[in-house]
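Peer 1: Pasting the sequence and the predicted coordinates here, then a few questions.
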Amino acid sequence: MYTRHATLLLFLSTRIARDTVFATLAVIVDNANPSIQYSGPWSPQTGLNTTDFFAGTIAYTNTSGATATLSFTGNYASVYGAFVAPPGTYNMLSTYTIDGGPPTVFQPPSEITTPMYNQLFFGSGTLSYGLHTIVVQNIGEQFWFDSIVFDVPDPIPTS
């Protein structure tokens with residue numbers, strides 16, 4: 001189990017449409033935030049240039065089936081990670097499930113020639129505003145997980 005102190009960062013963006021201002025609050029949940037529930041072996045990585053990672057942290061697993069789960073209230077979610085392994089060829093696969101729906105598979109190029117950071121691994125598309133659960137699962141040889149970002153509209157929709 002991987003635990004550290006929580007880090008949340010909020011960003012506000014605006015969009016203007018027909019004289020109406022819509023804002024979106026992006027909530028960044030760092031991999032070390034205790035709101036993320038881990039199953040399987042995950043470990044914080046040390047000895048790396050931590051300025052390349054959000055909040056200076058990254059979680060790693062090389063166990064197929066290891067998961068990271070977050071419940072959030074919003075209308076969009078994205079997952080960011082990195083390719084940190086030494087140059088070589090790797091089987092890197094991961095799946096992303098929202099609310100128990102069908103998984104979306106992410107398969108990056110198998111050859112790593114240089115480390116890459118802040119890589120978008122998954123974007124949910126627009127969701128109905130409300131409570132959602134995202135499950136991130138490693139199904140490959142290695143997985144470097146940095147953060148989950150979810151959007152909250154402003155004003156918040158009323159039913």
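Peer 2: Structure's in. What do you need? Numbering: from 1, shown residues only.
Peer 1: would you list every one of the strands in this protein?
Peer 2: In the chain, the strands defined using DSSP state E lie at 8-17, 20-30, 37-39, 43-44, 59-61, 67-74, 76-83, 88-89, 94-98, 104-106, 111-112, 116-123, 130-138, 143-154.
Peer 1: Below-threshold pLDDT in this protein: ranges please.
Peer 2: Regions of the chain meeting the criterion pLDDT under 70 cover residues 1-22, 46-47, 49-50, 159.
Peer 1: Kindly recompute the last result at 50.
Peer 2: The model of the chain has pLDDT under 50 over residues 1-17.
Peer 1: on that earlier part again, how about JSON lines for the strands of the chain, with distance to Asp52 added?
Peer 2: C-beta: built from backbone N, CA, C; applies to glycine. Below are these laid out as JSON lines (distance: least, CB to CB, whole Å):
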{"stretch": "strand 8-17", "distance to Asp52": "16"}
{"stretch": "strand 20-30", "distance to Asp52": "14"}
{"stretch": "strand 37-39", "distance to Asp52": "22"}
{"stretch": "strand 43-44", "distance to Asp52": "14"}
{"stretch": "strand 59-61", "distance to Asp52": "14"}
{"stretch": "strand 67-74", "distance to Asp52": "19"}
{"stretch": "strand 76-83", "distance to Asp52": "7"}
{"stretch": "strand 88-89", "distance to Asp52": "19"}
{"stretch": "strand 94-98", "distance to Asp52": "19"}
{"stretch": "strand 104-106", "distance to Asp52": "20"}
{"stretch": "strand 111-112", "distance to Asp52": "14"}
{"stretch": "strand 116-123", "distance to Asp52": "4"}
{"stretch": "strand 130-138", "distance to Asp52": "20"}
{"stretch": "strand 143-154", "distance to Asp52": "9"}
